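A.B. asks: Give me a model of this one.
(chains A and B)
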Amino acid sequence: MSTPAITVENLTKSYGRFRAVDGLTFEVESGEVFGFLGPNGAGKTTTILSMLGIIIPDGGRIRILGMDMAREPMKIKERIGYLPENATVYGELTAWKNLEFFANFYRMSNVEKERRITELLRRVGLWEVRYRKAKTFSKGMKQRLLIAQTLINDPELLILDEPTSGLDPEGAHLVKEVIREAKAVGRTVFFSSHVLSEVEELSDRVGIIVRGKLKAVGPIGDIKRQFMELEGYEIKVETKEPLPEIEHEDITRLERVAPNRAIIFSRSDIREWLSKSLSSRGITILSLEIEEPSLEDVFLKTIYGREEE
Amino acid sequence: MNPAWNIALKELYTSVKSRRFGVIVAIYFIIFGLAVYAIKDYLIQMGVPGVESNELYLWGVNAEVYTTPFAMLFTVNMMIITVLGAVLGAALGADAINREVENGTAKVLLGHPVYRDEVINGKFLGIGTLIAVTYLVSYVVMVAVMLILGIPLDGDSLFRGLLAILVTILYTLVFLSLGVLLSTLSKKPETSMLAAVGLAIFLTVFYGIVVGIVAPKLVGPEPPWGTTAHGMWEDELNAWMARLHSINPAHHYVQLVHYIFGGDRFLNYYIPLSDSFTYGFNNLAALLIMLLLPFALAYARFLTSDLN
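C.D. replies: Residues are numbered from 1 along each chain as shown, chains lettered A, B, ... in the order given. Below you'll find the model as predicted:
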């Protein structure tokens, strides 16, 4: 088994009396795309900044690409790319100079540097404006330049904090492409986002953080299954003949939407039992399926549902 | 490339291309040029230089100066050079760190393989180089204007003038260091800028007045004139004034410049440079400490703070 790209163990960080991250533990496997979800103030950015050594955690251990962040931060940073939230580039420098400045932090020959900068500026669509000062760029253009600086060292691991925040559709598409391309070549991507559809579309696994604690982690399908086990199943049934009375100890509610159609709310997956029961009564089943919750349902219930408990 | 040097070059590049630098250089050229022009008649007509006593109560300095055109240029314009140097250093350093944090560029920067100490070193090195270049260019302009106006210059004065410029660079770096410290203490660049410029003006303009008020209060009531007690009171007063002035970089700077252009009445010439160095050693050491102490505090603060 390969070394995890990110291992966070019992991470804690407080600002005064406010505990921003509270004993956070998770792993991100090498080559996967991990979506980090949570409401504002949940501790996402604090976790990311701790992972990069930009803020100093109160406790816990962080290993990135098999190296301890506290001991070998520079070796780690040489192999990762980081896109911060609400950041900007150096306005007084041109797009080219900005990338050249960041490229100078890595062991690259001048030829390699020039090739990489050219490639990235073309990739993010800023080649034509490479000699313009970044302060004259639109927000979207600045964000694209930031994406380019994230990729300057051809990183093995991408850490993106709200990468599509404030981006126009073209910019957001570019970010998604970058994530997909990274995954296609076996790189690891860790990204936080508020856009649930984006997370659902791109992530292999997600982690949901609420008030500094990880409430759920795993593949989206597993999280949904766990959610259904906890919150109940929603089974849609449609038959050829009118539906007879259905009784089962796990059924909590039954909504008839038509004589031959109903939605059954159940504590367990009773599809097999239902199929047998209806067939034995000579009822032809046209469809019998579970209505999967959306990631938004899971997310909202995880945040607000648990708070009520 | 060394990360600190990379940051320093970036800082230098952006500063040189910025409007702020253009304004600063223009101000310096105008001031140094005007400083020469304003006293050109005096400098041309002053004839053979002599040794004169120069007392600058504002900074608690009293020295014998050999009155060559170069020495006069510095000592006559001491006020403007002292105030401008302090304001320049403080203003350039006051938003060095917190501006990066506020803009979010600090996070971008630290996402790359850069240690925090390299960031602060790079910033200081870049702005420091900018200050040094500004002064050295101003020195060249000053010499050029003097030559154009036909003011007599000699090699010794030129060398001592260069030394005075180097001391001025050191003095400005002291205020740069104070500015950088304030930029690590305050989250808002505007706040640190106001505080830094305010501190620079206070130390160079008002502090001497405060010393003049506070020192007699510390010594106690003045005994009758002409008595032994009055003599002792005066000694005590001078000691307190010296103590209070000793925490002001402007005092050490002005004193050093006066030692550089110091004169010997017996020889009717400059005192030897080795004597200037001996007399000014404490002032030089004090300026170096005043440069390093705030920088060390800024360093400690920046290295241990959360940049979120």
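
A.B. asks: Could you tell me which residues of the stretch 51-200 of chain B lie near chain A?
C.D. replies: When proximity is defined as Cβ under 8 Å from any Cβ of the partner chain, the stretch 51-200 of chain B approaches chain A at B:103-105, B:107-108, B:110-115. Bear in mind the C-beta positions are built from the backbone N, C-alpha and C, glycine included.

A.B. asks: Now tabulate those in CSV and tack on neighbour count.
C.D. replies: As requested, those are exported to CSV (neighbours: other Cβ atoms under 10 Å in any protein chain shown):
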residue, neighbour count
B:N103, 17
B:G104, 17
B:T105, 18
B:K107, 26
B:V108, 22
B:L110, 24
B:G111, 26
B:H112, 25
B:P113, 19
B:V114, 20
B:Y115, 16
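
A.B. asks: Among those, which ones are in helices?
C.D. replies: B:103, B:105, B:107-108, B:110 (DSSP state H).

A.B. asks: Between these, which sits nearest chain A?
C.D. replies: B:K107 (4.1 Å; Cβ to the nearest Cβ).

A.B. asks: what about residue 139, how many residues close to it?
C.D. replies: No chain specified, so I'll use chain A. 12 (other Cβ atoms under 10 Å in any protein chain shown).

A.B. asks: that answer is for a different chain, and I need it for chain B
C.D. replies: B:Y139: 19 neighbours (other Cβ under 10 Å).

A.B. asks: show me the residues around the residue nearest to it when sequence neighbours are not counted that make contact.
C.D. replies: Leaving out its chain neighbours, the residue that sits closest to B:Y139 by Cβ to Cβ, 6 or more residues apart in numbering or on different chains is B:I165, at 4.6 Å. Neighbouring residues of B:I165 by Cβ atoms under 8 Å, 6 or more residues apart in numbering or on different chains: B:135-136, B:138-139.

A.B. asks: re the thing from before, rank the ones in helices among the residues of the stretch 51-200 of chain B next to chain A by pLDDT and give me only the lowest.
C.D. replies: Ranked by pLDDT, those bottom out at B:N103, which scores 87.

A.B. asks: quick one, what contacts that one?
C.D. replies: A:87-88.

A.B. asks: If we use 7 Å, what do you get?
C.D. replies: A:T88 (Cβ atoms under 7 Å, 6 or more residues apart in numbering or on different chains).

A.B. asks: swap in A:F191?
C.D. replies: Neighbours of A:F191 in contact, by Cβ under 7 Å, 6+ apart: A:35-36, A:160, A:163, A:179.

A.B. asks: Kindly reformat the residues you listed as JSON lines containing neighbour count, pLDDT and secondary structure.
C.D. replies: Listed next are the contacts of A:F191 as JSON lines, based on neighbours: other Cβ atoms under 10 Å in any protein chain shown; pLDDT from 0 to 100; DSSP: H, G, I helix; E, B strand; the rest coil:
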{"residue": "A:G35", "neighbour count": "25", "pLDDT": "93", "secondary structure": "strand"}
{"residue": "A:F36", "neighbour count": "29", "pLDDT": "92", "secondary structure": "strand"}
{"residue": "A:L160", "neighbour count": "25", "pLDDT": "94", "secondary structure": "strand"}
{"residue": "A:P163", "neighbour count": "28", "pLDDT": "88", "secondary structure": "coil"}
{"residue": "A:I179", "neighbour count": "23", "pLDDT": "93", "secondary structure": "helix"}
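
A.B. asks: Around chain B, pick out the residues from chain A.
C.D. replies: Residues of chain A that fall close to chain B, judged by Cβ under 7 Å from any Cβ of the partner chain: A:45-46, A:49, A:52, A:54-56, A:74, A:77-78, A:82, A:84, A:86-88, A:90, A:92-93, A:101-102, A:104-105, A:146, A:149.

A.B. asks: Surely A:R63 is in a strand?
C.D. replies: Yes. According to DSSP: H, G, I helix; E, B strand; the rest coil, A:R63 belongs to a strand.

A.B. asks: so how far is chain B from the residue nearest to it when sequence neighbours are not counted?
C.D. replies: Leaving out its chain neighbours, the residue that sits closest to A:R63 by Cβ to Cβ, 6+ apart is A:T7, at 4.2 Å. With the distance defined as Cβ to the nearest Cβ, to the nearest Å, A:T7 ends up 19 Å from chain B.

A.B. asks: May I have the predicted confidence score for A:T7?
C.D. replies: On the pLDDT scale, A:T7 gets 94.

A.B. asks: With just CA atoms, put the helix or strand harbouring it into PDB.
C.D. replies: Element membership of A:T7 [criterion: DSSP states H and E] is strand A:6-15. Presented in PDB, the C-alpha positions along strand A:6-15 are these (Å, rounded to 0.1, in the frame of the first residue of the first chain):
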ATOM      1  CA  ILE A   6      -1.700  13.600   3.600                       C
ATOM      2  CA  THR A   7      -2.000  12.400   7.100                       C
ATOM      3  CA  VAL A   8      -3.500  14.700   9.800                       C
ATOM      4  CA  GLU A   9      -3.600  13.300  13.300                       C
ATOM      5  CA  ASN A  10      -5.400  14.900  16.200                       C
ATOM      6  CA  LEU A  11      -4.900  18.500  14.800                       C
ATOM      7  CA  THR A  12      -6.000  21.200  17.200                       C
ATOM      8  CA  LYS A  13      -5.800  25.000  16.900                       C
ATOM      9  CA  SER A  14      -7.500  27.700  19.000                       C
ATOM     10  CA  TYR A  15      -7.700  31.400  18.600                       C
END
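
A.B. asks: Now do the same for the residue nearest to B:A250 when sequence neighbours are not counted: helix, strand or coil?
C.D. replies: Leaving aside its chain neighbours, B:A250 sits nearest to B:T204 (4.7 Å; criterion: Cβ to Cβ, 6+ apart). Secondary structure state of B:T204, per three-state DSSP, is helix.

A.B. asks: Burial check on B:T204, number of neighbours?
C.D. replies: Using other Cβ under 10 Å: B:T204 sits among 27 other residues.

A.B. asks: Same question for B:F70.
C.D. replies: 27.

A.B. asks: cool, and the one 4 residues further on?
C.D. replies: If you count neighbours by other Cβ under 10 Å, B:F74 ends up with 24.

A.B. asks: Then the one 3 residues further on?
C.D. replies: Counted with other Cβ under 10 Å, residues neighbouring B:N77 total 18.

A.B. asks: Verify the contact between it and B:A35 for me.
C.D. replies: Yes. Contact status for B:N77 versus B:A35: in contact at 4.6 Å, counting by Cβ atoms under 7 Å.

A.B. asks: what sits against A:E156?
C.D. replies: By Cβ under 7 Å, 6+ apart, the residues touching A:E156 are A:65, A:79-80, A:187-188.
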